[in-house]
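In: Structure, please.
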Amino acid sequence: MGFKRFLAAFGVGGPSVDTVLTGYGTRPGALLEGHVELTGGEVEARIDEIAVALAARVELESDEGEQAAGAEFARVPVIGPLTLAPGERRSLPFRYPVPWQAPITDTAHGPLPGAVLGLRTEVVIERAPDKGDLDPVRIHPLAAQERVLDAFARLGFTLKRTDIETGHLAGTRQEFPLFQEIEFHPAPHYAHEIGEVELTFVADPHGMDVVVEFDRRGGMFTPGGDLYGLFRVEHRDADRLDWTEVAASWIDHALDRHRALFGGYSGHGHGGYHPGHDDDHGGGLGGVAGLALGAAGGLAAGYAAAEIVDEVGDLFEGEEEDAEE
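Out: Okay, here's the model as predicted:
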């Protein structure tokens with residue numbers, strides 16, 4: 001699969017570029033492989049650089065409400081300066097290391113609504129980048145991510161949508177100033193207390209931080225508002241834990257803290273088991289009761305910082321229309 005375009009800088013009769021991916025899906029921390037096919041035009045073409053980068057649709061807050069923009073991150077060079085002769089053909093292979101914190105777009109049960117991700121090929125000519133359209137990329141979850149999502153489904157939470165936002169989640173190992181939120185409608189068992197649940201995975205080679213945000217319903221004597229939980233999960237535990245029990249304990253831990261502060265019904269009978277607790281990492285809810293969104297975090301090693309771009313590609317626009325329908 002791939003896309004082909006003519007480089008605008010050379011006008012009519014200029015060279016063309018076609019990016020072809022090997023396979024259609026990958027996972028965080030894995031490789032995305034393919035090759036860039038160049039075909040020379042009617043005249044010689046000098047190209048400064050060719051690079052590839054993942055791009056995602058990001059929700060930006062503004063005075064006019066939420067707006068969608070394209071965000072590029074993890075740019076990887078394919079080749080440096082080259083001269084393409086008229087009619088010459090070149091095939092340039094690349095291996096793109098997918099960031100551990102790349103958004104996920106699909107699960108074993110199908111695509112995640114609202115998750116739009118693609119690979120963009122950038123051709124730099126006289127220091128001016130010619131940014132192409134997006135070739136859709138499917139990012140499947142890591143095993144631990146899949147287990148957590150399945151556990152929430154078994155508890156009765158139904159998937160609502162996903163989006164990618166800008167900001168930094170305090171207390172996490174976040175590398176890019178972007179994070180994905182996976183939103184669920186409340187399970188019937190918790191609907192009297194919870195209006196919505198949002199999950200964010202911040203993965204790394206060893207495990208992942210799981211941020212759980214609860215939209216807490218208010219009552220006659222108890223205020224509503226958001227509750228936050230921060231939990232640590234190791235990849236090696238993906239097939240060793242009862243994830244339904246784990247997820248239930250996360251939810252009850254958050255609600256029990258709120259009940260202890262403001263009174264009210266206590267406990268759903270899931271006990272006080274809190275896996276992945278790491279006192280040095282703000283494990284459990286206690287260290288992150290005031291979890292905040294602040295300025296952008298540091299850069300991922302070996303990658304450029306995420307870049308928010310003004311234009312929103314055709315892929316983003318089409319997805320936006322589908323979401324509105």
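
In: quick check: mean pLDDT across the helix or strand where Thr19 lies?
Out: Under the criterion of DSSP states H and E, Thr19 resides in strand 16-21. Mean per-residue pLDDT for strand 16-21: 90.

In: Against which helices or strands is it packed?
Out: strand 2-6, strand 31-39, strand 117-125, strand 128-136 (3 or more Cβ pairs under 8 Å, 6 or more residues apart in numbering; DSSP states H and E). C-beta coordinates here come from the backbone N, C-alpha and C atoms, glycine included.

In: What is the helix or strand that it is followed by packed up against?
Out: Going down the chain from strand 16-21, the next helix or strand is strand 25-26, by DSSP H and E. Packed against strand 25-26 by the contact rule (3+ Cβ pairs under 8 Å, 6+ apart) you find strand 138-139.

In: Return the list of helices and strands in contact with the strand it packs on.
Out: Using 3+ Cβ pairs under 8 Å, 6+ apart as the contact test, the elements touching strand 138-139 are strand 25-26.

In: List the neighbouring strands of the strand it packs on plus their orientation.
Out: Strands adjacent to strand 25-26 in the sheet, as given by DSSP bridges, are strand 138-139 (parallel).

In: I'd like the next helix or strand past the partner strand.
Out: Counting by DSSP H and E, the next helix or strand C-terminal to strand 138-139 is helix 143-154.

In: Measure how the strand holding Thr19 sits relative to strand 31-39, angle-wise.
Out: Using axes from the mean of the first three to the mean of the last three Cα atoms, to 10 degrees, the inter-axis angle of strand 16-21 relative to strand 31-39 is 160 degrees.

In: Give the buried residues for strand 16-21.
Out: Residues 17-19, 21 are the ones in strand 16-21 that count as buried (16 or more other Cβ atoms under 10 Å).

In: who wins for proximity to Ala71 among the helices and strands packed on strand 16-21?
Out: Among those, the nearest to Ala71 by Cβ to Cβ is strand 117-125 (10.1 Å).

In: Touching that closest one from outside, list them.
Out: Strand 117-125 has contacts (Cβ atoms under 8 Å, 6 or more residues apart in numbering) with 7, 9-10, 17, 19, 21, 32, 34, 36, 45-56, 72, 75, 96, 102-103, 105, 129-139, 313, 315.

In: Kindly report the same for stretch 30-45.
Out: For stretch 30-45, contacts defined as Cβ under 8 Å, 6+ apart pick out 2, 4, 6-7, 10, 13-23, 26, 50, 52, 78, 83-98, 119, 121, 125, 137.
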